[in-house]
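Chemist: need coordinates for the below:
(2 chains)
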Protein chains: 2
Amino acid sequence: MSVQRSLQTLSKRASPPTTALTLPHHHKPRIWQPPVRSLASIHDGTVVPPVTQDHVGRQGPTAMVFMNMGGPSSTDQVGDFLSRLFADGDLIPLGPLQNYLGPLISRRRTPKIKKQYAEIGGGSPIRKWSEYQASEMCKILDKTNPETAPHKPYVAFRYASPLTEEMYNQLLEDGFGRGRGGRAVAFTQYPQYSCSTTGSSLNDLWKWRQRLEDPKRNANLSAAEAEGTIRWSVIDRWPTHPGLVEAFAENITAKLETYPAAIRDSVVLLYSAHSLPMSVVNRGDPYPAEVAATVWAVQQKLGFKNPYRLCWQSQVGPSAWLGAQTSDTVNNFVKAGQKDLVLIPIAFTSDHIETLFEIDKEVIHEADQLGAEGRVRRAESLNGSPTFINALADLAGSHLRGNEVCSRQMGLRCPGCKNEKCLQSKRFFMGSGVQGERGSEAVTL
Amino acid sequence: MSVQRSLQTLSKRASPPTTALTLPHHHKPRIWQPPVRSLASIHDGTVVPPVTQDHVGRQGPTAMVFMNMGGPSSTDQVGDFLSRLFADGDLIPLGPLQNYLGPLISRRRTPKIKKQYAEIGGGSPIRKWSEYQASEMCKILDKTNPETAPHKPYVAFRYASPLTEEMYNQLLEDGFGRGRGGRAVAFTQYPQYSCSTTGSSLNDLWKWRQRLEDPKRNANLSAAEAEGTIRWSVIDRWPTHPGLVEAFAENITAKLETYPAAIRDSVVLLYSAHSLPMSVVNRGDPYPAEVAATVWAVQQKLGFKNPYRLCWQSQVGPSAWLGAQTSDTVNNFVKAGQKDLVLIPIAFTSDHIETLFEIDKEVIHEADQLGAEGRVRRAESLNGSPTFINALADLAGSHLRGNEVCSRQMGLRCPGCKNEKCLQSKRFFMGSGVQGERGSEAVTL
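Modeler: Numbers count the residues shown, from 1 in each chain, chains lettered A, B, ... in the order given. Prediction:
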């Protein structure tokens, strides 16, 4: 069933109660429909066929969209970046005063954060790495998955250019959607799912999809354009993909080799992930458990040779966040005489301010001031790791060949979720046209 | 090197700073020494040889000690049980007023908890299950590990009979220690390590070992008795042992089969573990991450067919605990129309008050009052599961054949640890006689 029809079905249903946390009974993600059906559904002869989907039996081109938070490429962009960040209630829930408090906080923090970006070379390398990873992955996919080739790389950032909106307009310009159908994969670059990260990106993608492709929201669309919309599927989490685990293990092993062989197994591995406010943890966000799953998988791969801990970094503001804090952890260990520590950024795959500034220039600097003698070090971020890029291609390749539009887990909202955008966005990505057999209960949503 | 010598070595060292969180550099757990060496070290002809270790080349008997929190076997024992529980600063840190506040709280809670035990049949089944599991496991070990046979089952509870002290005295009576050596394995029955649970049991075991077998603490011991002490090793965590994972998956699958086939994959799995105070989480306790590792492994085994969440139960008192809370989670889902939920106790292996009363009589009862219509159910605890008992035997069998006295991870204290008992107890169980090559740093502890 096409997305268009799903939405028609939906609009005929009774209004769901706003508290709904789960998709209907029997609601599995819709099964992937080959593009042939979508093309067949274009009944109007005037429709421009998709420029690149011109071979019968060939499903490409396929848009591969890397979603991430992004970062300012230059210090000039810091202000805009922060103002988008603090405007995002999915990431930083400031309540009904978000539109007032967000700009206030971001303006106050801009000078300080500008300095931090200046210290790491004037901007974040996340765009460079994302574009490189996406395009290298697509080259591999063109060989391993010829049926969906060519694979075209896109990047959609949440708080910096290229924003979701820019990416979506580029897709339309490139011949996807607007009557021409075409498949796009939203591939989160956060290995572990949080409503604050992947959830926020998906809500944003859903918002722009509505604005740009939904005839109910965009009166400029012709009937034909409204029919052949982009068909989305989502890679929403991959915390223990074997290639990801191997890539982490390689970088850890490389860093361990910088220590004398005799003490190598006694170096403590400190896996560090961005923390979450306890309010998010306590509403049931899946992120802490998925980060722990990654850590366990990497430790397993390394044979549990080294003692380790998972800790959490980048807490800000006065509210309670999940700990133990990375900086405290390092300081406590160093003060106690355990100076040989390797920090491993485990929830981001590319370098960004939290590795290049917070860990390298703050945490490690402070450790050295406490007498760590350069023995607190950081494993490289995955960045251009060929093992990592192969992992991305393996994940995407399986997804393209598979028939699921997202994981089973994505349909389940957090037990404490109050965000109706999550319901709508999940419903869209799960493809909500499927009615459960328990009729009335299918509309408990 | 025998434990005795380790301790002599230790006592000759410089006093360690009290902040030490880690064992010395290069400090791996001592390698397991076959009992022959220990017997050889008995130079005094008057030593009574161990009654059951009388075959040359045979290493048995081996004491297999199941450690757990325990529970009152009858309502009469509830008062004592609670007073021990609230006296344990490792479990419930009440600060310097522990000795005053503990009895106060436990006395106040006794009538209520007595009623709860009365409702589940007058007592906890944990002793029955522990004794059954330990003895069944030993039967298997006698076949799979003849070199360490016979394997003798023991149970050591932290807050109920048989207490660690009783178990230790029984060991001595049975011919272990006091000049006769012999091997004992402290096998935690908490699959995931927390300082509040396994850590507390090990600190207690170490305390009684000092009182009953350390000549510095027990002037009644003869030189010969002091020499042939019990040689301990520890199975300190096993969150993703394949047999454990399979046993959980079996019980979940069995419970899922009580739902109509058409909706079976839409039932939400709610893994529920005992919560921890945030003060314990924030000092770096490894438990939340290890529980998450179990959940991920079970979900992997089940093929991620069902949506799921990890939630946390049994919070008490006014301080902050790790969430989301199990009861809130169930209520929120039921209110939102997701009534098909299977609760899975994931951090205890036997039934106890938290399953039989809290989940069965409180959480599920409340869900039914909200209209769950009996569709919120609980997967059985592992109890007498043959798959589980085989897993225990597999774990213990590998440990007995292996040469490690505990995991690498056990030597690392929590980064925020302030409990000097942890240092001493870890040092004892790791066998601290081994000096690292970086001489002076070996005493940074």
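
Chemist: buried residues, stretch A:311-323. List them.
Modeler: Residues of stretch A:311-323 classed as buried: A:311, A:312, A:313, A:314, A:315, A:321, A:322, A:323 (neighbour count, 16 or more other C-beta atoms under 10 Å in any protein chain shown). Placement of C-beta: from N, CA and C, glycine included.

Chemist: from these, list the ones also adjacent to chain B.
Modeler: A:311, A:322, A:323 (C-beta under 8 Å from any C-beta of the partner chain).

Chemist: which helices and strands does the helix ranked longest in chain A pack with?
Modeler: The longest helix of chain A (DSSP state H) is helix A:98-119. Applying 3 or more C-beta pairs under 8 Å, 6 or more residues apart in numbering or on different chains; DSSP states H and E, we find helix A:98-119 packed against helix A:78-87, helix A:353.

Chemist: which residue is the nearest non-sequential neighbour of residue A:387?
Modeler: Distances taken as C-beta to C-beta, 6 or more residues apart in numbering or on different chains place residue A:247 nearest to residue A:387, at 4.3 Å, with adjacent residues excluded.

Chemist: what about residue A:186, which SS state?
Modeler: Three-state call for residue A:186 (DSSP: H, G, I helix; E, B strand; the rest coil): strand.

Chemist: let me know the secondary structure of residue A:310.
Modeler: Going by three-state DSSP: residue A:310 is strand.

Chemist: quick check: it touching residue A:295?
Modeler: Yes: using C-beta atoms under 8 Å, residue A:310 is in contact with residue A:295, at 5.0 Å.

Chemist: now do the shared contacts for these two.
Modeler: Counting by C-beta atoms under 8 Å, 6 or more residues apart in numbering or on different chains, the shared contacts of residue A:310 and residue A:295 are A:271, A:346, B:289.

Chemist: buried subset of these, written for ChimeraX?
Modeler: Paste this into ChimeraX to select the buried members of the shared contacts of residue A:310 and residue A:295, with burial taken from 16+ other C-beta under 10 Å:
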select /A:271,346 /B:289
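
Chemist: quick check: of the shared contacts of residue A:310 and residue A:295, which lies closest to residue A:330?
Modeler: Nearest to residue A:330 among the shared contacts of residue A:310 and residue A:295: residue A:271, at 12.4 Å, using C-beta to C-beta.

Chemist: ok, now which ones touch the closest one?
Modeler: A:291, A:294, A:295, A:298, A:308, A:309, A:310, A:311, A:344, A:346 are the contacts of residue A:271 under C-beta under 8 Å, 6+ apart.

Chemist: any of these buried? List them.
Modeler: Among the contacts of residue A:271, those classed as buried by 16+ other C-beta under 10 Å are A:291, A:294, A:295, A:298, A:308, A:309, A:310, A:311, A:344, A:346.

Chemist: for these, which one is nearest residue B:239?
Modeler: residue A:295 (11.8 Å).

Chemist: do you know the pLDDT at the residue nearest to residue A:163 when sequence neighbours are not counted?
Modeler: Nearest non-adjacent residue to residue A:163, counting by C-beta to C-beta, 6+ apart: residue A:157, 6.0 Å away. We have a pLDDT of 98 for residue A:157.

Chemist: for residue A:157, give me its contacts.
Modeler: Residues near residue A:157 by C-beta under 8 Å, 6+ apart: A:67, A:68, A:69, A:70, A:71, A:126, A:127, A:130, A:163, A:164.

Chemist: separation between the nearest residue to residue A:91 once chain neighbours are set aside and residue A:96?
Modeler: In this structure, residue A:91 finds its nearest non-sequential neighbour in residue A:196, 4.7 Å apart by C-beta to C-beta, 6+ apart. Using C-beta to C-beta, to the nearest Å, residue A:196 is found at 19 Å from residue A:96.

Chemist: what's the burial count for the closest residue to residue A:231 other than its chain neighbours?
Modeler: Distances taken as C-beta to C-beta, 6+ apart put residue A:183 closest to residue A:231, at 5.2 Å, once the chain neighbours are dropped. When neighbours are counted by other C-beta atoms under 10 Å in any protein chain shown, residue A:183 registers 23.

Chemist: hmm, back to that, next SSE after the longest helix of chain A?
Modeler: Proceeding N to C from helix A:98-119, the next assigned helix or strand is helix A:126-144, under DSSP states H and E.

Chemist: so residue A:393 makes contact with residue A:142?
Modeler: No: Residue A:393 is beyond contact range of residue A:142, at 9.9 Å (criterion: C-beta under 8 Å).

Chemist: of those two, who's got more company?
Modeler: Remark: of residue A:393 and residue A:142, residue A:393 carries more neighbours, 24 against 17, as counted by other C-beta under 10 Å.

Chemist: who's in contact with the more buried one?
Modeler: With C-beta under 8 Å, 6+ apart, residue A:393 has these contacts: A:137, A:140, A:141, A:144.

Chemist: redo these as TSV? Include neighbour count and distance to residue B:61.
Modeler: Listed next are the contacts of residue A:393 as TSV, based on neighbours: other C-beta atoms under 10 Å in any protein chain shown; distance: C-beta to C-beta, whole Å:
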residue	neighbour count	distance to residue B:61
A:137	25	59
A:140	18	58
A:141	25	61
A:144	17	58
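
Chemist: possible to save those as TSV with distance to residue B:405 and pLDDT?
Modeler: Formatted as TSV, those follow (distance: C-beta to C-beta, whole Å; pLDDT from 0 to 100):
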residue	distance to residue B:405	pLDDT
A:137	46	98
A:140	46	98
A:141	49	98
A:144	47	98
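
Chemist: what's the farthest-apart pair in these?
Modeler: Comparing all pairs in the contacts of residue A:393 by C-beta to C-beta, the longest separation belongs to A:137 and A:144, at 10.2 Å.

Chemist: picking up where we left off before, would CSV of the contacts of residue A:271 with pLDDT be doable?
Modeler: Below are the contacts of residue A:271 laid out as CSV (pLDDT from 0 to 100):
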residue, pLDDT
A:291, 98
A:294, 98
A:295, 98
A:298, 98
A:308, 97
A:309, 97
A:310, 98
A:311, 98
A:344, 98
A:346, 98
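
Chemist: next one, pLDDT for the residue nearest to residue A:91 please.
Modeler: At residue A:196, the model reports a pLDDT of 95.

Chemist: quick one: the helices in the stretch 301-445 of chain A, in order.
Modeler: Remark: helices assigned in the stretch 301-445 of chain A by DSSP state H, counting those that start in this stretch are A:326-335, A:353, A:364-369, A:386-401, A:420-430.
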